[in-house]
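>>> Got a predicted model here, sequence first, then my questions.
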Amino acid sequence: MKLHVKYNVNLTCKIVLQEQLEKLGIPFRITGLGEVLVDGVLSPELYGELESSLRKYGMEIIENPRDALVHQIKDIIRDMVYLNERPAGSRISVYLAKKLNLSYSYLSRIFSDATHTSIENYMILQRIERVKQLILEEKLTFTEVAWKLNFSSVAHLSNQFKKTTGLTPTGFQRIMERRNIRYSSARHS
């Protein structure tokens with residue numbers, strides 16, 4: 001039996017973080033996306049315990065402020081794509097600068113230095129991954145996908161998809177359907 005589970009990654013991570021901090025008796029306040037304000041200074045032992053307990057959930061403490069900022073940018077972009085957290089019609093540059101209270105040119109420079117790609121390219125890659133998910137898992141039409149992800153048209157979605165993956169959305173869908181049929185028939189043989 002296959003179950004499709006919808007979940008909020010940010011909420012899940014926040015709950016795990018809270019549980020681990022409380023379990024270790026660390027007084028804290030979650031102040032923002034991936035940010036925790038800890039009262040006082042953690043002993044090296046307690047810091048190590050926290051690191052270890054978070055690692056079990058695929059989480060890690062980011063010590064370098066630049067890396068933390070890059071991680072925040074990625075989280076905001078994923079929220080924009082997966083949770084539609086950006087007001088319709090607003091530009092990514094304006095939204096990010098306002099959300100992080102830093103100039104977009106600074107954010108852009110830090111991001112590209114750390115990742116060797118631009119914020120815009122990262123956004124495109126995230127949108128294309130979301131397109132794939134909506135086509136395969138939610139069985140949305142290309143028109144519905146284009147509307148949901150704020151593409152200007154189905155043609156724009158198709159062009160962006162082909163430019164990024166080398167396939168049209170229809171070609172991708174056919175390949176995945178054939179792969180699923182082969183996988184399904186192989187399992188039942």
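Ah, there it is. This one's a predicted model, so the numbers in the text were calculated from it and none came from an experiment. Numbering: from 1, shown residues only.
>>> going forward, measure contacts and count neighbours with C-alpha atoms only.
Will do.
>>> burial measure for residue 127, as a count.
Here the number of neighbours of residue 127 (other CA atoms under 10 Å) works out to 23.
>>> ok, now the one 3 residues further on?
Residue 130 is flanked by 17 other residues according to other CA under 10 Å.
>>> what does residue 31 give?
Residues lying near residue 31 (other CA under 10 Å) number 10.
>>> quick one: it from residue 84, how far?
According to CA to CA, to the nearest Å, residue 31 stands 22 Å off from residue 84.
>>> could you pull out the helices for this structure?
With helices called from DSSP state H, the chain shows them at 9-23, 44-55, 65-82, 92-100, 104-115, 119-136, 142-148, 154-165, 169-187.
>>> by how many degrees do the fifth one and helix 119-136 diverge?
Following axes from the mean of the first three to the mean of the last three CA atoms, to 10 degrees, one obtains 70 degrees for the angle between helix 104-115 and helix 119-136.
>>> Helix 104-115 - contacts with which helices or strands?
On a contact count with 3 or more CA pairs under 8 Å, 6 or more residues apart in numbering; DSSP states H and E, helix 104-115 meets helix 65-82, helix 92-100, helix 119-136.
>>> Could I get the buried residue list for the last one?
It refers to helix 119-136. By neighbour count on 16 or more other CA atoms under 10 Å, the buried set for helix 119-136 is 119, 122-128, 130-132, 134-135.
>>> Also the shortest one?
Buried residues in helix 92-100, counted by 16+ other CA under 10 Å: 92, 93, 95, 96, 97.
>>> Go through these and name the one nearest residue 75.
Comparing those against residue 75 with CA to CA places residue 96 closest, at 10.8 Å.
>>> these two touch, right, that closest one and residue 108?
No. Taking contacts as CA atoms under 8 Å, residue 96 lies outside contact range of residue 108: 9.8 Å.
>>> For the residue nearest in space to the middle of the chain, give its distance to residue 65.
For the chain, the residue sitting closest to the mean C-alpha position, by CA atoms, centre = their mean, is residue 78 at 3.2 Å. Residue 78 sits 20 Å away from residue 65, going by CA to CA.
>>> For residue 26, what are phi and psi?
Backbone torsions of residue 26, given as degrees, to the nearest 10, read phi -90, psi 120.
>>> Can you tell me the number of residues neighbouring it?
There are 18 residues near residue 26, going by other CA under 10 Å.
>>> Repeat that for residue 161.
Residue 161 has 22 nearby residues by other CA under 10 Å.
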